[in-house]
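Colleague: I would like to see how this sequence folds:
(one chain, ligands or ions: 2)
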Amino acid sequence: MKSKVIVYKKMDEKVLEFIRETCEVIYFEKLHSDVYPIFLEELKDADALLGSGLKVDGDLLDRAPHLKIVCNTSVGYDNLDMSELSKRNIIATNTPDVLNDTVADTIFGLLLATARRMPELDQFVKNGEWKETLKEEHFGVDVHHKTLGIIGMGGVGSAIAKRARFGFDMDILYHGRSRKEEEEQTYNATYCSLEELLQKSDFVCLMTPLTPQTEGLMGKREFELMKQSAIFINGSRGKTVDEEALINALRAEEILGAGLDVFAQEPVSPANPLLSMKNVVTLPHIGSATAETRLKMAMLGAENLVAGLKGETPPNLIKGSIGVK
Ligand SMILES: NC(=O)C1=CN([C@@H]2O[C@H](COP(=O)(O)OP(=O)(O)OC[C@H]3O[C@@H](n4cnc5c(N)ncnc54)[C@H](O)[C@@H]3O)[C@@H](O)[C@H]2O)C=CC1
Ligand SMILES: O=C(O)C(=O)CO
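Modeller: Ligands and ions are numbered 1, 2, ... in the order given. Modelled structure (predicted):
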């Protein structure tokens, strides 16, 4: 009998066909409230889950007693309760690396757009306000030859460092759990404490996963440590930042601006004060959102899933998953 796979996110037909070669596929383009009860029913005899963003916790897993593998089509896996999965001998996978360049392009674009105030000036032109040569009040700040501080020098952080070093002649500081010799040699990146990074950087880019250690990592004290002329960029997860502290720091002009691809609540509430600040550039969590890269992520997720169901070791087992230290 074929294994039963629940796909809970819109997926390219090529990806579904690949899974269907060996498995039965129950496909939900989206888990909206109308189909959620059907999804729960299907979970009862499902062997595998493929998608991203679904909170997979003890309650959900209690409804899926036959589950063997949970495959995220994202690199972040803060939606998965790894200890509940391990307790039940369920393996978990993610999709690292295939998205690094695409996410780095987005995050660097966000940094440039914030520094040079592009969305604000785009509106200025479109509103017919451009009536004479621009004055200093509309000037931005330079990016090239400045100092970029990267918190979380992993796959994406490293791809951001590459752009900063070779495209913009920037000096790179980084902070993380360990030293990265390759990045130090290739991008001339300097390891430092979080405090030093915050004090010395012109741009602070947060690129860690969301974990109990990184939740609220950027708070009141951290924004106070940043230069008043510095810009904060968040490409990680919204909850790595204490949003209230960020709002207060921007209001008090403790920092110059912020570029945000992620928010504590997504989709972000229209009432969030960050949305009405001119010096904040916002994006709707589009780090990896190109057709090419999303297809690569989906296909990698499917390959992990098929390998796991065959009893092979999937290429992207998550740290903390059973069988991985
Ligand atoms: N905005 C978007 O669309 C995207 C967001 N992300 C987010 O970015 C995160 C990082 O992605 P990758 O670079 O692919 O992951 P990665 O695992 O390659 O790198 C993460 C880095 O953060 C470091 N880190 C972990 N805990 C830390 C801590 N407490 N303090 C400092 N550094 C710490 C790790 O040592 C590692 O070097 C993902 O987990 C996800 O949450 C990733 C891709 C797209
Ligand atoms: O992969 C991730 O973690 C994302 O946030 C979307 O690409």
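
Colleague: near ligand 1, which residues of the stretch 101-250 of the chain show up?
Modeller: Residues of the stretch 101-250 of the chain lying close to ligand 1 by C-beta under 6 Å from any ligand atom are 103, 151-157, 175-177, 207-211, 213-214, 235-237. To be clear about C-beta, it is placed using only N, CA and C from the backbone, and glycine gets the same treatment.

Colleague: Out of these, which end up buried?
Modeller: 103, 151-157, 175-176, 207-210, 214, 235-237 (16 or more other C-beta atoms under 10 Å).

Colleague: Strands - which of those land there?
Modeller: Using DSSP state E, the members of those that fall within strands are 151, 175.

Colleague: how about the helices of the stretch 101-250 of the chain, start to end?
Modeller: 118-126, 155-162, 168, 181-186, 194-200, 220-225, 243-251 (DSSP state H, counting those that start in this stretch).

Colleague: what sits up against the fifth one?
Modeller: When contacts are taken as C-beta atoms under 8 Å, 6 or more residues apart in numbering, the neighbours of helix 194-200 outside the stretch itself are 147, 149, 151, 173-175, 192, 204, 222, 225-227.

Colleague: Can you give me the pLDDT of the residue nearest to the spatial centre of the chain?
Modeller: Closest to where the C-alpha atoms of the chain average out (C-alpha atoms, centre = their mean) is S236, at 4.1 Å. Per-residue confidence for S236 comes out at a pLDDT of 98.

Colleague: thinking again about what came up before, would you list the helices of the stretch 101-250 of the chain in JSON lines and tack on distance to L295?
Modeller: Output for these, formatted as JSON lines (distance: least, C-beta to C-beta, whole Å):
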{"stretch": "helix 118-126", "distance to L295": "28"}
{"stretch": "helix 155-162", "distance to L295": "18"}
{"stretch": "helix 168", "distance to L295": "29"}
{"stretch": "helix 181-186", "distance to L295": "28"}
{"stretch": "helix 194-200", "distance to L295": "35"}
{"stretch": "helix 220-225", "distance to L295": "37"}
{"stretch": "helix 243-251", "distance to L295": "32"}
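
Colleague: just the ones you listed: most buried one?
Modeller: helix 155-162 (a mean of 24; mean count of other C-beta atoms under 10 Å).

Colleague: Checking the residue of the stretch 151-300 of the chain found nearest ligand 2 next. Helix, strand or coil?
Modeller: The nearest approach of the stretch 151-300 of the chain to ligand 2 comes at S288, 3.2 Å away (C-beta to the nearest ligand atom). Here S288 is recorded as coil under DSSP: H, G, I helix; E, B strand; the rest coil.

Colleague: Could you check the pLDDT of the residue nearest to T290 when sequence neighbours are not counted?
Modeller: Spatial nearest neighbour of T290, excluding adjacent residues (C-beta to C-beta, 6 or more residues apart in numbering): T102 at 5.4 Å. For T102, the model assigns a pLDDT of 99.
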